[in-house]
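Student: one predicted model, sequence on top.
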2 protein chains.
Amino acid sequence: MAQAMFGPVYREIFPFWDDISEGDREYICQNSLALTYPKGSNIHDGTECSGVILVRSGSLRLYMMSEEGKDITLYRLHSGDLCMLSASCVIQAITFDVLVDAEENSECYVISGPAFAAVSERNPKIKIFALETAVGRFSDVMWVMQQILFMSMDKRLAIFLLDESARIGADVIPLTHEQIAKYMGSAREVVSRMLKYFANEGIVQVSRKGVKIVDKRRLRELVL
Amino acid sequence: MAQAMFGPVYREIFPFWDDISEGDREYICQNSLALTYPKGSNIHDGTECSGVILVRSGSLRLYMMSEEGKDITLYRLHSGDLCMLSASCVIQAITFDVLVDAEENSECYVISGPAFAAVSERNPKIKIFALETAVGRFSDVMWVMQQILFMSMDKRLAIFLLDESARIGADVIPLTHEQIAKYMGSAREVVSRMLKYFANEGIVQVSRKGVKIVDKRRLRELVL
């Protein structure tokens, strides 16, 4: 029963699915739940193993939070994405905490951490898959960190957009990423990626017409 | 010959050593080099796979660098530590660059990346070990990032001084403000100002020899 529901999806997502035994597949499916997290709810607070989360629809936000409540988005997960960082009992080498919220109503399949860990102990391919997924995400995180720490790229881009918007007296800045990069003395790739980050945060909208500021208050906060 | 030299050390460091074939052990040893990096030299510049580096003596510093040459220390490796991030050809999921310098004259055993990768392809245990080592280091990096992004400077400096004092087993930390700032990913002015504050509070004494901790209890209180 459980396999009929989860099996076809897991076959698509997990490259190891056909390499493990029927019993292990059955075990994973029996320890899976289909859950819908309401928009705004906290899915994982970093204190316990929430399991392996597969997003079916909606979107999840992973972030770190300071004691003072300041938070920073690490990345977002959408349909078809897998969250391994919420499964600290699967990857023991992860010793830091991230938090996960649902940004929209999100349908997820959640595999129990201990069940996934047990099966991965007897299937090296699963363990390798889980670790590689985690390492890949860390690479994204490092990029965000690098931009924020070094370049203050978020700050610089915020300043540029606010200045430019004030200069032309409009919320849409009719420049290409290439042009913005040139004005800022940066690379187009960096500007594009940071604009995408801003767009995901709901600060700007990016279109062929240019960059539209949709949340000026948050842009100003970045400059402080 | 190579095995006689490297084998006993690898047996201590690598938990998988006795589980792989004699041929694979031989292959790893034949593709190993004993190298001494002079103090201050760059070992890995992020552009190519430098292999798996095992520190035998001395110390290596891993850091990220901005286009402007500002750098931030991610962590340091000492005797017995293993550097996997320099082996991007072993762990393909790593897509960002770190740099590695020798902070002292450092004796290292270096295993060729392609050789290590080849053997790990036929030995899942090696692959799991390499990935777990990388994920463990990422956890350290995340901690550094969290400190820098979120924590206040007094706390950070207190943590640095306590950690460094514990590491070298002495109350005098023989570093300049410039060096401390570099390790902490901060500016010299910020570090000097905070050290002056600490000195005024009777927590440290600053001299040409370095920074002497005189009130460890209060330093620890800052960390809480």
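Tutor: That came through, no problem.
Student: look up how far A:His78 lies from the closest residue to A:Leu82 other than its chain neighbours.
Tutor: Nearest non-adjacent residue to A:Leu82, counting by C-beta to C-beta, 6 or more residues apart in numbering or on different chains: A:Leu54, 5.4 Å away. Heads up, the C-betas are built off the backbone N, CA and C, glycines and all. For A:Leu54, the distance to A:His78 equals 11 Å [C-beta to C-beta, to the nearest Å].
Student: quick one: which of these two has more around it?
Tutor: Comparing A:Leu54 with A:His78 by other C-beta atoms under 10 Å in any protein chain shown, the one with more neighbours is A:Leu54, at 23 against 13.
Student: check which helix or strand that one maps to.
Tutor: Applying DSSP states H and E as the criterion places A:Leu54 in strand A:52-57.
Student: B:Asn123 is in contact with A:Pro124, correct?
Tutor: No - checked against C-beta atoms under 8 Å, the pair A:Pro124 and B:Asn123 is beyond contact range at 9.2 Å.
Student: which helices and strands sit right next to the strand holding A:Leu54?
Tutor: Packed against strand A:52-57, as judged by 3 or more C-beta pairs under 8 Å, 6 or more residues apart in numbering or on different chains; DSSP states H and E, are the following elements: helix A:2-13, strand A:82-83, strand A:106-111.
Student: next SSE after the longest one?
Tutor: It refers to helix A:2-13. With DSSP H and E, the next secondary element past helix A:2-13 is helix A:22-30.
Student: okay, buried residues for the helix or strand just after that next one please.
Tutor: Sequence-wise, the next helix or strand downstream of helix A:22-30 (DSSP H and E) is strand A:32-37. For strand A:32-37, a neighbour-count test (16 or more other C-beta atoms under 10 Å in any protein chain shown) marks A:32, A:37 as buried.
Student: what sits up against strand A:32-37?
Tutor: A:2, A:5-6, A:43, A:56, A:58, A:60, A:102, A:105-112 (C-beta atoms under 8 Å, 6 or more residues apart in numbering or on different chains).
Student: likewise for stretch A:166-175?
Tutor: Here stretch A:166-175 has contacts from A:161, A:164-165, A:180, A:183, A:209-214, A:216, using C-beta under 8 Å, 6+ apart.
Student: top of those residues by neighbour count?
Tutor: Neighbour max across the contacts of stretch A:166-175 (other C-beta under 10 Å) = A:Val211, 27 neighbours.
Student: tell me the buried residues within the contacts of strand A:32-37.
Tutor: A:2, A:6, A:43, A:58, A:60, A:102, A:106-112.
Student: the worst-scoring helix or strand of chain A on mean pLDDT pairs with which strands?
Tutor: Least confident helix or strand, chain A: strand A:71-77 with a mean of 82, by mean pLDDT, DSSP states H and E. Strand pairing for strand A:71-77, using DSSP bridges, gives strand A:60-65 (antiparallel).
Student: may I see the buried residues of the partner strand?
Tutor: So strand A:60-65, judged by 16+ other C-beta under 10 Å, has buried residues A:60-62, A:64-65.
Student: return the closest of those with respect to chain B.
Tutor: A:Met64 (5.9 Å; C-beta to the nearest C-beta).
Student: that closest one against A:Leu74, yeah?
Tutor: Yes - shown here, A:Met64 and A:Leu74 form a contact pair, counting by C-beta under 8 Å, at 6.5 Å.
Student: which residues do those two both contact?
Tutor: A:Val98.
Student: re the thing from before, ok, and for the least confident helix or strand of chain A, which residues are buried?
Tutor: Neighbour-count burial for strand A:71-77, counted by 16+ other C-beta under 10 Å, picks out A:72, A:74-77.
Student: what's the closest of the residues you listed to chain B?
Tutor: Closest approach between the buried residues of strand A:71-77 and chain B, by C-beta to the nearest C-beta: A:Ile72, at 6.1 Å.
Student: run through the bridge partners of the closest one.
Tutor: Counting by DSSP bridges, A:Ile72 is bridged to A:Met64.
Student: tell me the centre residue of chain A?
Tutor: Nearest to the mean C-alpha position of chain A, by C-alpha atoms, centre = their mean, lies A:Arg76 at 2.2 Å.
Student: isn't that one right up against A:Leu62?
Tutor: Yes - using C-beta under 8 Å, A:Arg76 is in contact with A:Leu62, at 7.2 Å.
Student: show me chain A divided up by domain.
Tutor: By the assignment in automatic domain parsing, chain A contains the domains A:2-147, A:152-223.
Student: pull the distance from the first one to the chain's centre.
Tutor: Put plainly, it is domain A:2-147. 11 Å (C-alpha atoms, centre = their mean, to the nearest Å).
Student: skipping adjacent residues, who's closest to A:Ile159 in space?
Tutor: Excluding its sequence neighbours, the residue lying closest to A:Ile159 (C-beta to C-beta, 6+ apart) is A:Val223, at 5.5 Å.
Student: and that neighbour, what pLDDT?
Tutor: Looking at A:Val223, its pLDDT reads 79.
Student: who's in contact with it?
Tutor: A:155, A:158-159, A:162.
Student: any idea how far it is from chain B?
Tutor: From A:Val223 across to chain B, the span is 17 Å (C-beta to the nearest C-beta, to the nearest Å).
Student: backbone dihedrals for that residue, please?
Tutor: phi -80, psi -30 (degrees, to the nearest 10).
Student: what's the answer for A:Ile43, then?
Tutor: Main-chain torsions, A:Ile43, degrees, to the nearest 10: phi -100, psi -40.
Student: quick check: it touching A:Val98?
Tutor: No - using C-beta under 8 Å, A:Ile43 is not in contact with A:Val98, being 10.8 Å away.
Student: may I see the helices and strands packed on strand A:52-57 organised as JSON lines, with mean pLDDT and distance to A:Val191 added?
Tutor: Shown next, in JSON lines, are these (pLDDT from 0 to 100; distance: least, C-beta to C-beta, whole Å):
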{"stretch": "helix A:2-13", "mean pLDDT": "93", "distance to A:Val191": "33"}
{"stretch": "strand A:82-83", "mean pLDDT": "92", "distance to A:Val191": "28"}
{"stretch": "strand A:106-111", "mean pLDDT": "97", "distance to A:Val191": "30"}
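Student: list the contacts of A:Met142.
Tutor: With C-beta under 8 Å, 6+ apart, A:Met142 has these contacts: B:64, B:96, B:141.
Student: alright, I will stop here.
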